[in-house]
Every structure is written in structure tokens, then in C-alpha cells.
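Novice: Quick one: sequence and predicted model below, then my questions.
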Amino acid sequence: MLKRDWDRHTCARRGHTTYAPDEPELRERLHTATAVGTAWRCLRCGDFALGEPHGSGPAGDAPLVPRGKALRDLFILRFLAVERFLRGLLIVVVAWGVWKFSNSQDAVRRVFDENLTVLKPVTEHFHWDLEHSPIVDTIRRTFDYKHSTLVYVAVALLVYALVEVVEAFGLWWGHRWAEYLTVVATAAFLPLEGYELTEHVSVLKVCTLLLNVAAVLWIMLSKRLFGLRGGRAAFEAERHSASLLEVEASAGALPQPA
């Protein structure tokens with residue numbers, strides 16, 4: 001099976017990223033002249049791209065372009081970001097529903113009881129005690145909640161949704177604080193998700209729990225959070241070791257054979 005080339009695939013979609021360093025030797029290694037004009041090496045895929053560089057200056061000021069494993073990790077983070085963002089939107093809808101319900105409990109109760117009466121002959125035909133089913137009992141308990149309690153629930157859901165949306169934007173741009181926030185926030189809800197499975201098992205709940213566990217472990221280990229695998233220093237060293245400019249600079253600094 002062919003291995004996916006994340007660098008060239010990204011450049012094919014978004015274009016190359018080139019840079020002209022001020023250091024003469026390094027500049028020479030990243031530049032070439034062709035019959036149709038000058039070309040500069042892309043900092044992501046390493047191929048030469050025709051045209052003027054997108055930026056120039058000291059090598060230390062060059063953009064740190066994700067490539068290789070770092071680029072693949074960014075793709076996974078952005079998948080998690082999209083999942084967090086969609087979840088946040090869903091929670092906002094639920095919070096709005098709870099707030100609307102808190103302002104019209106009596107009306108909703110009447111509609112529910114009327115429809116329940118209509119459905120009874122059908123459920124009795126299939127020998128199902130709709131009146132005392134767990135779903136109906138759960139819905140009826142919500143009718144007894146105080147208006148203030150439901151408002152607190154709606155506010156709590158909005159706060160939770162805000163956390164999810166903040167996580168999403170932070171993960172999309174690869175911020176380290178967002179990775180810590182995601183791990184802490186996700187891990188805090190894992191016991192609750194496990195408890196819900198003891199009450200009722202469903203494919204969605206199992207998949208959600210497994211996704212969250214995998215996300216927590218992957219982010220902690222791959223991003224070296226909480227001091228794991230050398231911590232931030234090792235993570236930054238790994239990022240810079242994959243930088244094309246630093247690779248070229250190191251190669252240029254090697255002693256040439258006699």
C-alpha cells in the first residue's frame with residue numbers, strides 16, 4: 001500500500017511556501033536558476049517552485065511550516081476541532097430547547113399527555129406498557145423540575161458549549177493551551193460517560209467514549225503534555241528538527257569530505 005505523502009498533498013491543495021533566508025550559504029541551498037526563471041525550495045514538501053519567494057529575512061524569522069509527522073498531527077487535531085465545534089453547536093441547540101421548555105412546562109405537559117392518550121391503543125396492541133415505560137417516566141420527571149433549575153441547566157449547557165467551541169478554534173490553529181484544555185475537559189467527563197454506559201448501552205455512547213479516550217491519550221503522548229516524553233522542550237525540539245530550513249542549515253554545517 002502506498003504511503004500518503006502529507007507534504008505534497010497539502011501543497012497540491014494550498015500551494016507551496018517559500019522563503020529566502022539572508023544567510024548566503026543557506027540561501028544558495030534553497031535557490032536555483034532555471035530556463036524559465038528562478039525557483040525556491042518549498043519549506044513544506046522540499047520541491048522547487050518557480051517564482052519569487054513568499055518571504056525573506058533571517059533564517060530565524062522564517063515561518064515554521066508543519067511537515068511530515070507534524071502535518072499529519074495537525075490534520076488529526078483539525079478533525080477533533082471540527083468534532084468539538086459541531087458538538088458545541090448541538091449543545092447550544094439543546095440549551096435553547098431546555099430554556100424554551102422552562103418557560104412553557106404546563107403547555108408541553110398537556111400536549112404530551114394528550115399524545116400519550118392517543119398512542120395508548122397502539123402500544124397496548126403490542127403489549128407494551130407505555131404508561132410506565134422508562135422513557136415516559138423520565139420525561140414526566142422533567143415536568144416536575146422548577147423553572148429556576150431548568151434555567152441553571154440551560155446556562156450550564158451554554159458554558160459547556162462555549163468550552164467546546166473555544167477548544168475547536170484552539171485545536172484548529174494548533175495552540176498548545178487548547179491541547180491542555182481539551183485533555184482536561186474531556187477527561188473530566190469520562191467518568192460520567194462510563195456511568196451512562198452502565199445505565200444504558202448504545203453504539204453512539206460506546207463510540208463517543210472510545211473517541212474521547214483515544215483523543216486524550218493521543219494528544220497527551222504525541223504533544224508531550226504534562227511533562228510526558230520530555231515535555232515541551234522535547235516537543236519543540238522535534239518540531240524544529242523537521243523544519244526544512246534547520247535541516248538544510250545543519251547539512252550545510254557538516255564538514256565536507258576531503
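Specialist: Yep, it's here.
Novice: Just checking the distance from stretch 67-78 to the centre of its chain.
Specialist: 11 Å (CA atoms, centre = their mean, to the nearest Å).
Novice: buried stuff in that stretch?
Specialist: Going by neighbour count (16 or more other CB atoms under 10 Å), the buried part of stretch 67-78 is 67, 70-74, 77. Bear in mind the C-beta positions are built from the backbone N, C-alpha and C, glycine included.
Novice: List just the nearest of the residues you listed to residue 25.
Specialist: residue 67 (21.7 Å; CB to CB).
Novice: The closest one should be in a strand, yeah?
Specialist: No: checked against DSSP: H, G, I helix; E, B strand; the rest coil, residue 67 lies outside a strand; its state is coil.
Novice: For it, grab phi and psi.
Specialist: Main-chain torsions, residue 67, degrees, to the nearest 10: phi -150, psi 160.
Novice: Touching, it and residue 43? I think so.
Specialist: Yes: assessed by CB atoms under 8 Å, residue 67 is found in contact with residue 43 at 7.4 Å.
Novice: overlap in contacts of the two?
Specialist: Residues touching both residue 67 and residue 43 by CB atoms under 8 Å, 6 or more residues apart in numbering: 243-244.
Novice: quick one, strands of the stretch 1-150 of the chain?
Specialist: With DSSP state E, counting those that start in this stretch as the definition, the stretch 1-150 of the chain shows strands at residue ranges 20-21, 31-34, 37-41, 48-50, 56-57.
Novice: Can you tell me the strand partners of the first one and which way each runs?
Specialist: The reference is to strand 20-21. Using DSSP bridges, strand 20-21 pairs in its sheet with strand 56-57 (parallel).
Novice: And the contacts of the strand it pairs with?
Specialist: Against strand 56-57 from outside (CB under 8 Å, 6+ apart): 19-22.
Novice: Please, a PyMOL command that selects the buried ones among these?
Specialist: PyMOL command restricting the contacts of strand 56-57 to the buried ones, with burial defined by 16+ other CB under 10 Å:
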select buried, resi 19+20+21
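Novice: Would you mind measuring the gap between the ends of stretch 31-38?
Specialist: Across its full length, stretch 31-38 reaches 7 Å between end residues, using CA to CA, to the nearest Å.
Novice: So for it, mean pLDDT?
Specialist: The predicted model gives stretch 31-38 an average pLDDT of 89.
Novice: Work out the gap between that stretch and the centre of the chain.
Specialist: On the basis of CA atoms, centre = their mean, stretch 31-38 sits 40 Å off its chain's mean C-alpha point.
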